[in-house]
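Visitor: Below is the sequence, then the predicted model.
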Amino acid sequence: MKKKSGWIFSVVIISFALLIGGGALDAFAFGKSGVITNAEKLFDIGNYEMASESLADAIKKGEVPEKEWADAYKLLGDIYQKMGRNSDAKKAYRYAVITEGTGYRDEQLLLYLDVKNLEAIFPKLMENAKNNEKLQANYGADIAQLAKNELIAGRIDNAEDLYNLSLKIDPKNRERVKDAFELFFELGKQKKGKEAEKYADTALRFASNKEADIKVGKLLLRSAIDIWPDKDYLAIKKKAVTLAGAELVNKVFAVKSTVVFTKNFTERDADKKGHISIFTWKNMTKKGDLLRVKAKIKGDENNLDEVGLHLGNSQWYIKNGVIEKVVDNTLPYQSYTNCVIAINLNKQIVLTVEVVREIETPNNINLNI
């Protein structure tokens, strides 16, 4: 009789739950505790404040069965997100990943985390995944997806860190190394100058063969072209030489004679002594520059002694209408002495002064990146 009464009592309880539609029925039907079910109902009707308070309180008091911890934290994270409490949401998702343990599947809770929260639990993930290749693959796939998301958002350092974590936890997946390289490289192609250099440098850390090295070298070379003539191009070009080879780099950056200063003068620009002060060596020239003075003397084209270039105690005279001297700024007097041209005031003279410098200049070459 007692056994029968117990059975009848159970039927009554279930029937009562059916009539009132309470949380106990939902828990029975879906295999969830009443705590989660009730929180889900509050969530569905938009009562996020009460949903968060009731669920957080139940977790704190230990009222959620251990097998439902991951679901509870996932729901709590969803509620916090709806409330705009993004930091709390990330923490809740973090606990959901931990409590799910070795049952974790890919395309799941890790995708809700940011770098900070992932790094906080990464040692625990490594511990969970030890000797469990399936779990390693699941963790690795989702962390790699997080890396892609960060990269697309332009957070390149975060993306690199996440790719390294995905490879650390899933070291057998060598295809992911190739994928990481291609992602950084392809996005680098869309950038310019130093930003492209940063992507190239990161791609290089995932390069696994000579072909990949050459591709990065070409991207660096294009980056150097972008910022030329800024002096920083030299450091980028140097890296490109190592990867793409000196032959290609020298084709792209050829040394050309370039006029960096030019000005015309006549005898009317001279002082009473017949001197024309052009510039100071220190301000206008570099070692190795070529100083060129061209002169035309009206009615006396063949006179070689009518124009002289004076420098300290040295002087040179026109020969065939041109004086050319290579600047050597190592000489003490050239650090402060003016470049002075002496002319015959009785002659009509037209002068052109040029400073010619050997400058690396990029050529228009298709790099086929």
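Guide: That came in fine, so what should we check first?

Visitor: C-alpha only now, for contacts and for neighbours.
Guide: OK.

Visitor: Just say helix, strand or coil for residue 62.
Guide: coil (DSSP: H, G, I helix; E, B strand; the rest coil).

Visitor: show me the residues around it that make contact.
Guide: By C-alpha atoms under 8 Å, 6 or more residues apart in numbering, the contact set of residue 62 is empty.

Visitor: now it: how far from residue 155?
Guide: 39 Å (C-alpha to C-alpha, to the nearest Å).

Visitor: Then residue 321?
Guide: 61 Å.

Visitor: So for the two, which residue has more residues nearby?
Guide: Counted by other C-alpha atoms under 10 Å, residue 321 and residue 155 do not tie: residue 321 has more neighbours, with 17 against 13.

Visitor: Residue 294 is in contact with that one, correct?
Guide: Yes. The criterion here is C-alpha atoms under 8 Å, and residue 321 meets it with residue 294 at 5.7 Å.

Visitor: So what touches the host helix or strand of residue 58?
Guide: In this assignment (DSSP states H and E), residue 58 forms part of helix 48-60. Under the criterion C-alpha under 8 Å, 6+ apart, residues 35-36, 38-40, 42-43, 64, 72, 76, 79-80, 82-83 lie in contact with helix 48-60.

Visitor: what comes up buried for that helix?
Guide: 48, 51, 52, 54, 55, 56, 59 (16 or more other C-alpha atoms under 10 Å).

Visitor: mind listing what residue 115 touches?
Guide: 158, 162.

Visitor: Can you give me the domain boundaries for this protein?
Guide: Using automatic domain parsing, the domain parsing of the chain gives 13-206, 257-362.

Visitor: quick one, helices of the stretch 101-250 of the chain?
Guide: Under the criterion DSSP state H, counting those that start in this stretch, the stretch 101-250 of the chain contains helices at 115-129, 133-152, 156-169, 175-189, 193-204, 210-227, 233-244, 246-252.

Visitor: Tabulate these (CSV), appending mean pLDDT.
Guide: CSV is the format used below for those (pLDDT from 0 to 100):
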stretch, mean pLDDT
helix 115-129, 95
helix 133-152, 94
helix 156-169, 95
helix 175-189, 94
helix 193-204, 96
helix 210-227, 97
helix 233-244, 97
helix 246-252, 95
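
Visitor: Figure out which of the ones you listed is closest to residue 87.
Guide: Minimum separation from residue 87 across the helices of the stretch 101-250 of the chain (C-alpha to C-alpha) falls at helix 115-129, 9.5 Å.

Visitor: tally of neighbours for residue 218?
Guide: Neighbours of residue 218 (other C-alpha under 10 Å): 23.

Visitor: pretty sure it is touching residue 240, no?
Guide: Yes. Using C-alpha under 8 Å, residue 218 is in contact with residue 240, at 6.7 Å.

Visitor: so where is the stretch 251-369 of the chain shaky, pLDDT-wise?
Guide: Residues of the stretch 251-369 of the chain that meet the criterion pLDDT under 70 lie in 279-283, 300-306, 309-320, 328-338.

Visitor: Helix or strand: which one has residue 264?
Guide: With DSSP H and E as criterion, residue 264 is part of strand 253-266.

Visitor: who does that strand pair up with?
Guide: strand 349-362 (antiparallel) (DSSP bridges).

Visitor: If we go by neighbour counts, what in the partner strand is buried?
Guide: 349, 351, 353, 354, 355, 356, 357, 360, 361, 362.

Visitor: just stretch 79-97 next, same as before
Guide: For stretch 79-97, burial by neighbour count (16+ other C-alpha under 10 Å) applies to 79-81, 83, 88-97.

Visitor: Over to stretch 230-239?
Guide: 233, 234, 236, 237, 238, 239.

Visitor: Serialize these to TSV and add fields for distance to residue 263.
Guide: Output for the buried residues of stretch 230-239, formatted as TSV (distance: C-alpha to C-alpha, whole Å):
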residue	distance to residue 263
233	29
234	30
236	34
237	33
238	35
239	38
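
Visitor: Name the pair among these with the greatest separation in space.
Guide: 233 and 239 (10.1 Å).

Visitor: Regarding residue 272, what is its secondary structure?
Guide: In three-state terms, and counting by three-state DSSP, residue 272 is coil.

Visitor: nope, residue 78 is what I meant
Guide: From three-state DSSP, the assignment for residue 78 is helix.

Visitor: how about the nearest residue to it, chain neighbours excluded?
Guide: Distance criterion C-alpha to C-alpha, 6 or more residues apart in numbering; nearest residue to residue 78, sequence neighbours excluded, is residue 89 at 6.7 Å.

Visitor: looking at it, that neighbour is touching residue 77, isn't it?
Guide: Yes. Assessed by C-alpha under 8 Å, residue 89 is found in contact with residue 77 at 4.1 Å.

Visitor: Mind picking the one among the buried residues of stretch 79-97 that's closest to residue 229?
Guide: Proximity of the buried residues of stretch 79-97 to residue 229 (C-alpha to C-alpha) peaks at residue 90, which lies at 46.2 Å.

Visitor: show me the contacts for that closest one.
Guide: Per C-alpha under 8 Å, 6+ apart, neighbours of residue 90: 77, 112, 113, 114, 117.

Visitor: any chance of those residues in a markdown table, with distance to residue 245 and neighbour count too?
Guide: As requested, the contacts of residue 90 are exported to a markdown table (distance: C-alpha to C-alpha, whole Å; neighbours: other C-alpha atoms under 10 Å):
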| residue | distance to residue 245 | neighbour count |
| --- | --- | --- |
| 77 | 52 | 26 |
| 112 | 44 | 21 |
| 113 | 42 | 20 |
| 114 | 40 | 19 |
| 117 | 42 | 18 |
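
Visitor: Closest to residue 308 out of those residues?
Guide: Closest to residue 308, out of all of those and judged by C-alpha to C-alpha, is residue 114, at 73.0 Å.
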